[in-house]
Structure formats: structure tokens, C-alpha cells
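Asks: generate coordinates for the sequence data below:
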Amino acid sequence: MKRIKSDKIIRDSALFDGYIYFESGKIAEITTEELPYDEEYDLRGYYVSPGFIDIHTHGGGGNPFEGRVDQIIDGCNFHLTHGTTTICPTVSAAEFDSMAASVERIEKAMTDPRVKGTILGAHLEGPYLSRAQSGAQCADFIQPPKEDDYLPLLQKHAASVARWSYAPENDAEERFAKALKAYGVVAAAGHTDAIYADMTRAMEQGCKLVTHLYSCTSTITRDHGFRRLGVIETAFLHDDLFVEIICDGKHLPPELIRLIVKIKGADHTALITDSLALAGTDQTHGFMQSTEFIIEDGVCKLMDRSAFAGSIATADRLVRVAVKEAGIELLDAVKMITETPARIMNLTSKGKITAEADADFAVFDDNITIRSVFAKGNLVYH
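Replies: Numbering: from 1, shown residues only. Sure thing, here's the model as predicted:
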């Protein structure tokens, strides 16, 4: 039996002063009582949070998640040093066979003992996107859903595909959405030019999340004078629809972050890094699939600087920006990188410090700098 002692344990949206007892990778009890233990970690003065959950990241530490198995492992372990104990490696739009091969490599990494945290499975961001909202995704690979491609992949690897971002307007008969629902894959509307009617159809088939709200998501348009709501307004109107935001302080200004959280609440807003492989490196130039980008001003940009291409953020930076720049309460910011993504991904044993939950913890100071990380009950970073 191990225990953590802290006066700043983040539990049930409050700070708790006491002990966390855990063994065999699971939390046994949270209490103020002295119980038998074999090993203690005295973390008084530091916040002890559930381990961070990043459900949208393309890589880190120089490792792309479309790369080799060892690169996927190294990228996940890099993010772990910034508090991320649970992760969804993201695959960008590419030739479908290439995306399928990436899923197979992520599947191998999921059970590799070198992975210190938990890989939930792949997040496929494409190729069923909108060309009009392609952003940094390579438009050459964007196409409508094709059953001959996605069904065999789901039939063989559904357990290794955690989520799939797509443009609902290109799935008019909802056949793709129905397939995702049947195979238990979380459906998200992303890189989409959908109008309200498209979104409501998708939601009826289980679409529950908007991929990086305000980044490549449609807003109000006019059709012969009549206004039509887009993805952004649909997300604000429907309380049960989750949104994720790139909270790096670049993609969205602090005021907009504050507005989103005010409308959606911390219960339905998740923080994501959307980080590219160069996060955590000193490099200033790279590629995401076929898209070339540069890094300046703390963010990835297309070569012509016309738009952002992704972030170089880590999970701790997301919380820091939310709190220090956007003025979000710390406990709400932590919820948006722990409990809320756990609910989105239907994870009942993660995202909260409670009995029988996984013993995943991020330990940080008042500046939200990571000091220690526990994953599966093991101290994996200090």
C-alpha cells in the first residue's frame, strides 16, 4: 500500500487535506485517517490532481504519432512528463491505407510495456472532412466517407480507434455516424462546414463532441437572406454537446476562452493540446503529413502565415493559460483536462480522485509546473 499526503488534493471540485491510499494501480481510499501503508509521498504544499487526459494530440518531443511504434511510445511518454497520463494519439488526414497503418502501430503501442501511461486508442482526424474548413489538413486527402475503407478498419481495429473527427454535412444518410456508434467509437464534428440541420442529424446518431471549437468550425451563414446556424452556434444551443478547445493562448484569445466556458461550462468543455510532434523541441520548422509549417510566436503556422497549423502546447500549459490568462478558476480548469474528457470518452475509472479509480495523478505547484506524475500507481516522473 502506498499513500500520498497533501493539503491540496483536488477532489469533487474542492481541495481536500488528507491522504490518498492506493495499491495495484487503483485508489483504495481517500481519507484523513491514518491507515497502514508501506510507502509515503509527502506532497504537502503541492496540488494533487487526477492525471491529465489529452484526447487530441499529434505528437510531442519530436515524435509524430503517425510514426514508428517507438516514436508513438516516446511521444506519449514525453507528454506524461507534463501531466498527461491518458492520451489519444491523433492521425491527420492522409491516404486511407496510411491512416489505417498508423492505427495498427498505435494498437501495438497500446500494449507495449514501455508506455508508462494509458493510450486510449487512435483519434482519426480525417479524411472525411470539409475542404472549405480544411485548415492545416492537406486538402488532397479529404474525401466523403467511403464504406469500403472505414468498415473493414472498424471491423478489425475498432477497439483501437477511440474517436473519429468528421464533417457531418458529407454524411447525408448518417451511414458513417451509425457505423461509429455501432462500433463504440466517439464521433466528433471537426473541420466541418455543417449547418444546424447537419449537426442535429449527426447528434441523433451519437455525435457528442465538436473538435477544436472555433478552429475550422462553421458559424452563421445566409441562404437567400435567411440565417443558418453553424457548428459554433449549435454547440452553444445544445447543452449536452461537448466541445474541446486548444487552450494554448494562441488559437483562442483569453476573452474567447472565458466566453466558451461561461456558455458551455467546465462540465462540457475539454482542454486539448492539438500539439504537433515538435512540441517540447527547439525546432522551428516541420511537416504534418504533407503540410509544411513553421513555429514562431509560440505556435505552429502555415508557411505563408495565413493560418495556424497546430500547437506546441503541453497539458500543463493549457491549465496555466486557462487560469493565469483567461481567469478560469483552477478547479474548473483542472476539471476540463481530467473529468470532462473522461466523460467524453466514457472512462469510468479515470478523471477523478475517488475510490476504485485508476491511481493516475498530476502533481503541480502554484505556477502549474509539473513536479511529479503517477500513472497506474507508479511514480513515473519526479
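Asks: list phi and psi for the residue of the chain positioned farthest from its centre.
Replies: In the chain, counting by Cα atoms, centre = their mean, H224 sits farthest out from the average C-alpha position, at 38.0 Å. Torsion angles at H224 (phi, psi; degrees, to the nearest 10) stand at phi 50, psi 40.
Asks: show me where the stretch 51-200 of the chain has strands.
Replies: Applying DSSP state E, counting those that start in this stretch to the stretch 51-200 of the chain gives strands spanning 52-57, 59-60, 63-64, 84-92, 118-119, 122-125, 161-166, 186-189.
Asks: D171 and A202 touch, don't they?
Replies: Yes. If you go by Cβ atoms under 8 Å, D171 and A202 touch, sitting 7.1 Å apart. From N, CA and C alone the C-beta is placed, and that goes for glycine too.
Asks: give me the common contacts of those two.
Replies: Taking Cβ atoms under 8 Å, 6 or more residues apart in numbering as the criterion, D171 and A202 both touch A177.
Asks: who has more neighbours out of those two?
Replies: When D171 and A202 are compared for neighbours, A202 comes out ahead with 28 against 24, by other Cβ atoms under 10 Å.
Asks: what helix or strand does that one sit in?
Replies: Per DSSP states H and E: A202 is located in helix 196-204.
Asks: could you pull up the mean pLDDT of that helix?
Replies: What helix 196-204 shows for mean pLDDT is 97.
Asks: which other helices and strands contact that helix?
Replies: On a contact count with 3 or more Cβ pairs under 8 Å, 6 or more residues apart in numbering; DSSP states H and E, helix 196-204 meets strand 186-189, helix 231-237.
Asks: need the residue closest to the centroid of this protein.
Replies: I55 (2.1 Å).
Asks: which residues does that one contact?
Replies: By Cβ under 8 Å, 6+ apart, the contact set of I55 is I87, C88, L120, H123, A162, R163, E244, A270, I272, P341, I344, M345.
Asks: swap in F374?
Replies: I4, G51, T85, A359, D360, F361, V363, V380.
Asks: would you confirm that the second one contacts I370?
Replies: No. G51 lies out of contact with I370 (Cβ under 8 Å); the separation is 10.8 Å.
Asks: who has more neighbours out of these two?
Replies: Neighbours of G51 and I370, each counted by other Cβ under 10 Å, are more numerous for G51; the result is 30 against 23.
Asks: can you tell me how far that one is from A315?
Replies: With distances taken as Cβ to Cβ, to the nearest Å, G51 is found 9 Å from A315.
Asks: over to T57?
Replies: For T57 relative to A315 (Cβ to Cβ), the value is 9 Å.
Asks: now do the shared contacts for those two.
Replies: With Cβ under 8 Å, 6+ apart as the test, T57 and A315 both reach H79, T84, T273.
Asks: isn't G67 right up against G59?
Replies: Yes. With contacts counted by Cβ under 8 Å, G67 reaches G59, the gap being 7.5 Å.
Asks: would you map the helices across the stretch 251-382 of the chain?
Replies: 254-264, 315-320, 330-335, 339-344 (DSSP state H, counting those that start in this stretch).
Asks: deepest-packed of those, please.
Replies: With neighbours taken as mean count of other Cβ atoms under 10 Å, the helices of the stretch 251-382 of the chain reach their highest mean count in helix 315-320, at a mean of 25.
Asks: centre of the chain versus that one, how much separation?
Replies: Centroid separation for helix 315-320 versus its chain: 12 Å, with Cα atoms, centre = their mean, to the nearest Å.
Asks: please list the outside residues in contact with that helix.
Replies: With Cβ under 8 Å, 6+ apart, helix 315-320 has contacts from 52, 54, 79, 82-84, 247-249, 271-273, 330, 333-334, 337, 362, 364, 367-370.
Asks: filter these to the buried ones?
Replies: Neighbour-count burial (16 or more other Cβ atoms under 10 Å) applied to those gives 52, 54, 79, 82-84, 247-249, 271-273, 330, 333-334, 337, 362, 364, 368, 370.
Asks: what is the neighbour count of A158?
Replies: 17.
Asks: do E33 as well
Replies: Residues near E33, counting by other Cβ under 10 Å: 8.
Asks: tell me the SS of it?
Replies: coil (DSSP: H, G, I helix; E, B strand; the rest coil).
Asks: and the pLDDT at the residue nearest to it when sequence neighbours are not counted?
Replies: Of all residues not flanking E33 in the chain, Y19 sits nearest, at 7.5 Å (Cβ to Cβ, 6 or more residues apart in numbering). Note for Y19: predicted pLDDT of 98.
Asks: many thanks, have a good one.
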